[in-house]
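In: Okay, here's the prediction I keep looking at, along with the sequence it came from:
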Amino acid sequence: MTSSSMNMGRVVFYEDRNFQGRSYECSSDCADMSSYLSRCHSCKVERGCFMVYDRTNYMGNQFFLRRGEYSDYQSMMGMSDCIKSCRMIPMHRGQYRMKIYERENFGGQSYELMDDCDNVMERFRMSNCMSCHVMDGHWLMYEQPSFRGRMMYMRPGEYRSFSSMGMSSSRFMSMRRIMDSYY
């Protein structure tokens, strides 16, 4: 296996639970899975990490999948609908850096993170985290402390307003790095 194929993810989606029915193999982003499957209720992640979404175009609730078998992800993750889109998360080697802001549009207090933070309020005395700038690495942000609640995948870039990104909650209270050990 070449190093480039090691970095590529690979997931197989199945229409029915327990890896039954028609299947679709994916190794990149897919904004709308309906052209491949009428529904998706189970999957096997053979390589890499993926975010899956319950709406097309990478919208709606997000769930993080790493290598493993998900025979009935709806009951495992509390997902109310089937997977409609997915995004492959590229492996990152190097440092992780993200600046978080108390208010939208990079306002209020700000702190730079280089490691996981299980509680923004306790660690930084910030009541909210409503915008961020991811400089390096790939991160998961969670609505509640201790990496709980709904999550959002963040790749390098500026995120001025979480509420404008289709999230019901516009703030996050914990965040963790997507490390190479997940692959």
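Out: That came in fine, so what should we check first?
In: Name the helix or strand for the residue nearest the centre of the chain, please.
Out: In the chain, the centroid-proximal residue (C-alpha atoms, centre = their mean) is residue 153; its distance is 3.4 Å. Taking DSSP states H and E as the criterion, residue 153 maps to strand 148-154.
In: and after that strand, which helix or strand comes next?
Out: The helix or strand immediately downstream of strand 148-154 is strand 157-159, counting by DSSP H and E.
In: What distance do you get for the residue nearest to the centre of the chain to residue 91?
Out: To residue 91, residue 153 is 14 Å away according to C-beta to C-beta, to the nearest Å. In this view, the C-beta of every residue, glycine as well, is placed from N, C-alpha and C.
In: The nearest residue to the residue nearest to the centre of the chain once chain neighbours are set aside bridge partners, please.
Out: Nearest residue to residue 153, sequence neighbours excluded (C-beta to C-beta, 6 or more residues apart in numbering): residue 51, at 4.4 Å. Bridge pairing for residue 51 (DSSP bridges) gives the partners residue 64, residue 87.
In: again with the one 4 residues further on
Out: Judged by DSSP bridges, the bridge partners of residue 55 are residue 59.
In: again, but for residue 175
Out: residue 117, residue 141.
In: Run a quick neighbour tally on it.
Out: For residue 175, the neighbour count with other C-beta atoms under 10 Å is 24.
In: try residue 93
Out: Residues lying near residue 93 (other C-beta under 10 Å) number 7.
In: do the one 10 residues further on as well
Out: Neighbour count of residue 103, defined by other C-beta under 10 Å: 16.
In: so residue 93 makes contact with residue 180?
Out: Yes - in this structure residue 93 lies within contact range of residue 180 using C-beta atoms under 8 Å: 6.4 Å.
In: what ranges do the helices span in the chain?
Out: 3-7, 73-77, 120-124 (DSSP state H).
In: Give me the nearest residue to residue 145, chain neighbours excluded.
Out: For residue 145, the closest residue by C-beta to C-beta, 6+ apart turns out to be residue 119, at 4.1 Å.
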